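Participant: Just need the structure, nothing else, for what follows:
(one chain, ligands or ions: 2)
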Amino acid sequence: MILVTGGTGYLGSHAAVALATAGRELVIVDNLCNSSASVIGRLKRLCACDVQFIQGDVRDTALLSEIFLGHDISAVMHFAGLKAVGESTEMPVDYFDNNVNGTIQLLVAMRRAKIKTLVFSSSATVYGDPATLPITEDCPFAPTSPYGRSKVFIEEILADLHRAEPDWRIARLRYFNPVGAHESGLIGEDPAGIPNNLMPYVAQVALGSRNAVNVFGTDYPTRDGTGVRDYIHVMDLAEGHVAALDHLEQAGGLLTVNLGTGQGHSVLEVVKAFERASNRPIPCLAAPRRKGDVAQYWADPSLANTLLHWQAGRNLQQMCADTWRWQLNMADTS
Ligand code: NAD
Ligand code: WQD
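Facilitator: Ligands and ions are numbered 1, 2, ... in the order given. Okay, here's the model as predicted:
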């Protein structure tokens, strides 16, 4: 059985589906600080199996020890954490407490229970503004926010742990820009308030709940002047986790891999693809560059391709179509 921390959140819920599809049993722990327990019912439908849910905080070592005692858990996928870059600059201590301390408490409980297999949610944000493209895993750490630094600190802690106790099996997965939703339209990303990220914002403009997309920067040295990112479908990302877990179980070790497509898309390309998917016009307004943004980055995913035998298969059009289906479903049920 796999423990999925943060499993009612955006990425964790999709990983739960991918795990169940691969025939794995799972239990979710989440404190619901950025998600709702209502996702559990939908997960049960999608997984066609029981999905156990425990409401709690990963910083609660006693609770984690209890979970490990009461369930036959062999590995942990650790998604729980705070992820808003801007917010992290305003409340850095909360970010370090939740992300770094949360991971430490999890490791303490895992160690006590002799569970030593962990898949960790890291981020391309650890690279900052890369000197060369595409980004390979040996590019240096250069985070530009407390959020990014929290991921670097955790990665370093995991490497030290593995150095000291090589029987741990650890994957540090560096995600690029996860977008999209499960193709059923039953689960997806549901950000509270004004979305920070491009895809959910574009979806709300298509729906008519926002007027126009503010395009942050139209004078970048990119093909159309707007920022370029490596968007990856959330189900490809989820399947990458299952591949990483399989690899760890067979080969062990400390694994550090990028999960991306290797292809960059500009803001305007995303908007155009979403117009096609939704068949609705999406007005855009040129806006100043957003502080802290870089012009462009995309992954070199070849290590994940060769080592994990995993490759992102869904294209930008599918990412937009699945986001749109989810957005329409949410609008119907709200
Ligand atoms: P999310 O906010 O949707 O999910 C995180 C979940 O963790 C939420 O359900 C939240 O309630 C829960 N949580 C937070 N702190 C907790 C705690 N202390 N104890 C228990 N539960 C807690 O975010 P997401 O997009 O699904 O991201 C999942 C992980 O992936 C995060 O670690 C994030 O930093 C990382 N990541 C996300 C992205 C992205 O663009 N979404 C990119 C790179 C890395
Ligand atoms: C994408 C592009 C914006 C909104 C963030 C985190 C990163 C990772 C993934 C966690 C950029 C432009 C955006 C809008 C716009 N998360 N944009 N108008 O900033 O690449 O990455 O999410 O680890 O750490 O920083 O993603 O979706 O916010 O932006 O023009 O309303 O869209 O400037 O070029 P980002 P994003």
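
Participant: ok, so what distance separates the residue lying closest to His233 once chain neighbours are set aside from Arg169?
Facilitator: Leaving aside its sequence neighbours, His233 sits nearest to Arg314 (C-beta to C-beta, 6 or more residues apart in numbering; 3.7 Å). From N, CA and C alone the C-beta is placed, and that goes for glycine too. Here Arg314 is placed at a distance of 28 Å from Arg169 (C-beta to C-beta, to the nearest Å).

Participant: one step back: the residue nearest to His233: how many residues sit nearby?
Facilitator: 20 (other C-beta atoms under 10 Å).

Participant: do the same with Met110
Facilitator: Neighbours around Met110, by other C-beta under 10 Å: 23.

Participant: I figured the residue nearest to His233 hits Asp236, correct?
Facilitator: Yes - counting by C-beta atoms under 8 Å, Asp236 is a contact partner of Arg314 at 5.5 Å.

Participant: Which residue ranges of the stretch 201-334 of the chain form strands?
Facilitator: All strands of the stretch 201-334 of the chain, identified by DSSP state E, counting those that start in this stretch, fall at 213-216, 228-229, 231-233, 254-259, 265-266, 284-287.

Participant: quick one: the helices in the stretch 51-200 of the chain?
Facilitator: Using DSSP state H, counting those that start in this stretch, the helices found in the stretch 51-200 of the chain span residues 61-70, 85-90, 92-95, 102-112, 146-164, 198-207.

Participant: now check the longest one, is it near ligand 1?
Facilitator: No - for a cut-off given as C-beta under 6 Å from any ligand atom, helix 146-164 has no contacts with ligand 1; the smallest distance is 6.8 Å.

Participant: Same question for the second one.
Facilitator: No - using C-beta under 6 Å from any ligand atom, no contact is recorded between helix 85-90 and ligand 1, whose separation bottoms out at 9.7 Å.

Participant: Which single residue in the stretch 1-150 of the chain comes nearest to ligand 1?
Facilitator: Gly9 (2.0 Å; C-beta to the nearest ligand atom).

Participant: confidence score at that residue?
Facilitator: With respect to pLDDT, Gly9 has a value of 98.

Participant: now this protein, which segments are flagged as low pLDDT?
Facilitator: Residue ranges of the chain with pLDDT under 70: 334.

Participant: Can you pull the residues of it lying near ligand 1?
Facilitator: Proximity of the chain to ligand 1 (C-beta under 6 Å from any ligand atom) is limited to residues 5-6, 8-12, 30-35, 57-59, 79-83, 98, 102, 121, 123, 175, 178.

Participant: Report the contact partners of the residue of the stretch 1-150 of the chain closest to ligand 1.
Facilitator: Asp30, Asn34, Ser35, Phe79, Ala80 (C-beta atoms under 8 Å, 6 or more residues apart in numbering).

Participant: what's the neighbour count on the first one?
Facilitator: In other words, Asp30. If we define neighbours as other C-beta under 10 Å, then Asp30 has 27 of them.

Participant: Likewise for the third one?
Facilitator: As a burial measure, the neighbour count of Ser35 was computed by other C-beta under 10 Å and equals 19.

Participant: Let me know the secondary structure of it.
Facilitator: Assigned with DSSP: H, G, I helix; E, B strand; the rest coil, Ser35 falls in the coil class.

Participant: give the contact list for it.
Facilitator: Gly6, Thr8, Gly9, Tyr10, Ser13 are the contacts of Ser35 under C-beta under 8 Å, 6+ apart.

Participant: restrict those to those near ligand 2?
Facilitator: Okay, of the contacts of Ser35, nothing touches ligand 2 (C-beta under 6 Å from any ligand atom).

Participant: With distance to Arg229 added, can I get those residues in JSON lines?
Facilitator: Shown next, in JSON lines, are the contacts of Ser35 (distance: C-beta to C-beta, whole Å):
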{"residue": "Gly6", "distance to Arg229": "23"}
{"residue": "Thr8", "distance to Arg229": "26"}
{"residue": "Gly9", "distance to Arg229": "21"}
{"residue": "Tyr10", "distance to Arg229": "17"}
{"residue": "Ser13", "distance to Arg229": "22"}
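
Participant: which of those count as buried?
Facilitator: Neighbour-count burial (16 or more other C-beta atoms under 10 Å) is assigned, among the contacts of Ser35, to Gly6, Thr8, Gly9, Tyr10, Ser13.

Participant: Please give me every residue in contact with the residue lying closest to Cys320 once chain neighbours are set aside.
Facilitator: In this structure, Cys320 finds its nearest non-sequential neighbour in Ala277, 3.8 Å apart by C-beta to C-beta, 6+ apart. Contacts for Ala277 (C-beta under 8 Å, 6+ apart) come out as Gln317, Cys320, Ala321, Thr323, Trp324.

Participant: and the second one, what does it touch?
Facilitator: With contacts defined as C-beta under 8 Å, 6+ apart, Cys320 is in contact with Gly180, Met199, Val270, Ala273, Phe274, Arg276, Ala277, Ser278.
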